[in-house]
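**Student:** How does the following fold in three dimensions:
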Amino acid sequence: MALLSAPSSARLLHAASIVLLACIWLAMLLLGRGPLDMQLERALYAGGHPILVVIARIFTFLGEPTVLVGGGFLVAGWLWHRGKGRFAAGLLLVILIGRGLAEVQKYWVARARPTLEPHLVVVKTSSFPSGHAASSMIFYLTLALALAPPGWRRTAGAAAILLSLAVGASRVMLGVHWPSDVVGGWSFGLLWVLVAFRPAERLFAGHSGSQPKRL
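**Tutor:** Here you go, the predicted model:
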């Protein structure tokens with residue numbers, strides 16, 4: 001039997017990654033708030049450690065909806081000013097629709113926030129998935145893949161994922177999310193980038209530089 005061609009292997013890996021991320025999201029939805037979630041939430045809670053609380057609040061700020069949405073519009077405005085309007089529109093579509101879908105999940109699932117420890121920041125919405133984890137993954141990874149020079153895309157993508165991991169972890173440290181909420185947010189955010197980035201490349205065609213690397 002002939003080996004799969006490189007494009008076919010890439011498509012198969014892409015599809016398998018989407019299925020795996022969907023399974024992780026579903027597992028976090030169905031199995032969350034169990035004994036393991038409680039143990040991890042207590043272990044990671046930063047209350048009583050002022051320095052850790054400050055660090056967690058800094059990373060939480062980097063995942064705030066106003067910061068990410070505002071940052072998206074600022075980047076889009078800069079690209080538009082440089083004559084790359086279609087490129088800007090593609091970025092905004094991926095970022096804003098992904099953020100909206102994460103919020104829809106919150107209202108659909110309506111999971112209660114953890115109350116094992118006092119909340120160290122104010123929260124108003126439901127718990128699953130973590131909007132900070134999902135939105136930071138979508139925002140930072142999309143920008144990394146779309147804007148980084150070709151030789152730096154892998155490094156930029158890895159840095160974006162690490163930043164999102166720190167943002168999500170900060171939510172557990174501050175006592176406002178179950179670990180499963182955060183893992184669910186990360187998995188959805190990465191899944192959304194895998195699903196949406198390729199179709200959005202049609203809008204990125206207006207970019208005069210090198211085309212974004214296919215995921």
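
**Student:** Just give me the neighbour total for residue 96.
**Tutor:** 18 (other Cβ atoms under 10 Å). Where C-beta positions appear, they are placed from N, C-alpha and C, glycine not excepted.

**Student:** so which helix or strand takes in it?
**Tutor:** Under the criterion of DSSP states H and E, residue 96 resides in helix 85-109.

**Student:** Other residues contacting that helix?
**Tutor:** By Cβ atoms under 8 Å, 6 or more residues apart in numbering, the residues outside helix 85-109 that reach it are 29, 65, 68-69, 72-73, 75-77, 79-80, 125-129, 131, 134-135, 138-139, 142-143, 146, 185, 188-189, 192-193, 196-197, 200-207.

**Student:** Now do the helix or strand following that helix against helix 85-109, angle only.
**Tutor:** For helix 85-109, the following helix or strand on the C-terminal side (DSSP H and E) is helix 131-147. On the basis of axes from the mean of the first three to the mean of the last three Cα atoms, to 10 degrees, helix 131-147 is oriented at 160 degrees to helix 85-109.

**Student:** Could you give the average pLDDT over helix 131-147?
**Tutor:** Averaging pLDDT along helix 131-147 gives 94.

**Student:** and if you look at stretch 91-107?
**Tutor:** In this model, stretch 91-107 has a mean pLDDT of 93.

**Student:** go on, stretch 19-39?
**Tutor:** Here the average pLDDT along stretch 19-39 is 95.

**Student:** Return the set of buried residues in it.
**Tutor:** 21, 24-25, 28-29, 32-33, 37 (16 or more other Cβ atoms under 10 Å).

**Student:** Might you report the residue contacts of the residue nearest the centre of the chain?
**Tutor:** Geometric centre of the chain, nearest residue: residue 137, 2.1 Å, by Cα atoms, centre = their mean. Each residue near residue 137 by Cβ under 8 Å, 6+ apart is listed here: 160-161, 164, 168, 185-186, 189-190, 193.

**Student:** swap the cut-off to 6 Å and go again
**Tutor:** Counting by Cβ atoms under 6 Å, 6 or more residues apart in numbering, residue 137 makes contact with 164, 186, 189-190.

**Student:** what about it, distance to residue 186?
**Tutor:** As judged by Cβ to Cβ, to the nearest Å, residue 137 and residue 186 stand 6 Å apart.

**Student:** and what of residue 141?
**Tutor:** Counting by Cβ to Cβ, the gap from residue 141 to residue 186 is 10 Å.

**Student:** I'd like to know which elements whatever helix or strand residue 180 lives in is packed against.
**Tutor:** Secondary structure assigned from DSSP H and E places residue 180 in helix 179-204. Judged by 3 or more Cβ pairs under 6 Å, 6 or more residues apart in numbering; DSSP states H and E, the packing partners of helix 179-204 are helix 6-31, helix 35-44, helix 85-109, helix 131-147, helix 153-173.
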